[in-house]
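**Student:** Quick one: sequence and predicted model below, then my questions.
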Amino acid sequence: MSLADNTRIDRYRTRTMVRTPHEDRGDPTVWGEIDTPALASFDAEGYAIVEDLLDPYEVSDLVAEINRMTGDPDLLLDERVIVERSSNRVRSVFEVHRLSSMIADLVRESRVAGLARQVLGSDVYLHQSRVNLMPGFQGTGFYWHSDFETWHAEDGMPAPRAVSLSIALTDNYAYNGSLMIMPGSHRTFVPCQGETPAEHYRDSLREQEIGVPTQQDIAELAGKYGITQFTGKAGSALIFDSNIMHGSAGNITPFPRSNIFLVFNSVENALVDPYSGTEARPDYIASRDFTPLL
């Protein structure tokens with residue numbers, strides 16, 4: 001299928017030139033059978049918190065591994081490393097499961113990938129992996145957005161049959177930039193406006209301006225669904241639907257916040273050409289290796 005192919009049906013139109021009304025989600029949230037008690041509310045809320053997914057020793061080992069990676073001067077020249085515009089500090093490191101055998105092993109564990117299989121009802125592959133670093137005093141946040149909107153428009157993900165797992169490597173407090181979520185908003189798809197520039201990812205990974213909802217959109221969703229916040233100790237995890245509205249404020253406290261971020265997509269929801277008509281983003285951001293995790 002070429003970028004010029006206009007025959008396919010796009011059930012989640014976005015990046016339009018004028019404001020488009022919100023749409024009710026046309027796909028299930030849970031495609032499989034839930035047998036982990038912590039996931040019991042996932043269908044209704046669009047997210048779940050898994051306490052103590054990792055023990056303190058595992059967290060310590062992962063933190064040391066990430067410090068090793070981010071301290072490697074050669075890696076800092078790699079395009080998979082994203083730095084803050086203002087402070088020039090490392091913001092994210094992508095494809096960490098390929099940079100670290102420790103993380104690659106963790107991803108495949110049943111307590112990790114198995115959570116995604118329950119929700120998605122199929123074998124899964126890793127659409128994206130990264131480490132997000134939010135240092136104290138200068139860590140900038142992520143504006144309100146739905147991941148699926150970007151993955152659909154810029155990566156060609158057909159349906160919201162994907163989940164993200166954010167594993168805390170530091171304690172997440174209500175005041176150090178922890179993730180805010182609108183419970184239930186995964187059932188509403190919010191189209192965004194504006195043409196997608198070529199190689200948009202080069203700017204959006206630092207500060208996203210295209211593919212974000214309007215203030216009117218955010219106010220409407222917040223009024224309908226409310227806002228909650230993920231807090232928890234290091235080793236806890238948040239699993240959430242690809243279409244849920246979420247974001248984080250900056251961190252002006254002395255307490256850093258970092259997490260491993262894993263995106264699992266169903267093998268039955270493999271990427272096609274981007275729906276925005278642009279070239280596909282690089283594989284380290286949106287993998288096109290659909291081999292199931294075993």
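**Tutor:** It's in.
**Student:** Within the helices and strands, which one has the closest residue to residue 47 other than its chain neighbours?
**Tutor:** For residue 47, ignoring the flanking residues on the chain, the nearest one in space by CB to CB, 6 or more residues apart in numbering is residue 240 at 3.8 Å. Just so you know, the C-beta spots here come from the backbone N, C-alpha and C atoms, and that holds for glycine as well. Element membership of residue 240, judged by DSSP states H and E, is strand 237-241.
**Student:** So what are the sheet partners of that strand and their directions?
**Tutor:** On the basis of DSSP bridges, the sheet neighbours of strand 237-241 come out as strand 47-50 (antiparallel), strand 162-168 (antiparallel).
**Student:** can you pull up the bridge partners for the residue nearest to residue 47?
**Tutor:** Where residue 240 sits in a bridge, its partners, by DSSP bridges, are residue 47, residue 164.
**Student:** how far away is it from residue 99?
**Tutor:** Computed as CB to CB, to the nearest Å, the residue 240 to residue 99 distance reads 24 Å.
**Student:** Also residue 243?
**Tutor:** From residue 243 to residue 99 the distance is 28 Å (CB to CB).
**Student:** Looking at those two, which has the bigger crowd around it?
**Tutor:** residue 243 (26 against 23; other CB atoms under 10 Å).
**Student:** which residues does residue 260 contact?
**Tutor:** 62, 96, 103, 106, 129, 130, 131, 166, 167, 169 (CB atoms under 8 Å, 6 or more residues apart in numbering).
**Student:** Among these, name the ones in strands.
**Tutor:** Counting by DSSP state E, these place 129, 130, 131, 166, 167 in strands.
**Student:** The fourth one contacts residue 257, correct?
**Tutor:** In other words, residue 166. No. Residue 166 is not in contact with residue 257 according to CB atoms under 8 Å; the separation is 10.7 Å.
**Student:** Quick check: beta-bridge partners of the closest residue to residue 231 other than its chain neighbours?
**Tutor:** The spatial neighbour of residue 231 that comes closest, neighbours along the chain excluded (CB to CB, 6+ apart), is residue 172 at 5.1 Å. Listed by DSSP bridges, the beta-bridge partners for residue 172 are residue 232.
**Student:** separation between residue 172 and residue 44?
**Tutor:** Taken as CB to CB, the span from residue 172 to residue 44 is 23 Å.
**Student:** what about those two, which has more around it?
**Tutor:** residue 172 (25 against 13).
**Student:** OK, contacts around that one?
**Tutor:** Contacts of residue 172 by CB under 8 Å, 6+ apart are 178, 179, 230, 231, 232, 233, 236, 257, 259.
**Student:** Pull up the gap between the fifth one and residue 103, please.
**Tutor:** For residue 232, the distance to residue 103 under the criterion CB to CB works out to 20 Å.
**Student:** now swap in the second one and tell me
**Tutor:** Distance check for residue 179 against residue 103: by CB to CB, it reads 20 Å.
**Student:** okay, these two: which has more neighbours?
**Tutor:** Shown here are residue 179 and residue 103; by other CB under 10 Å, residue 179 has more neighbours (23 against 20).
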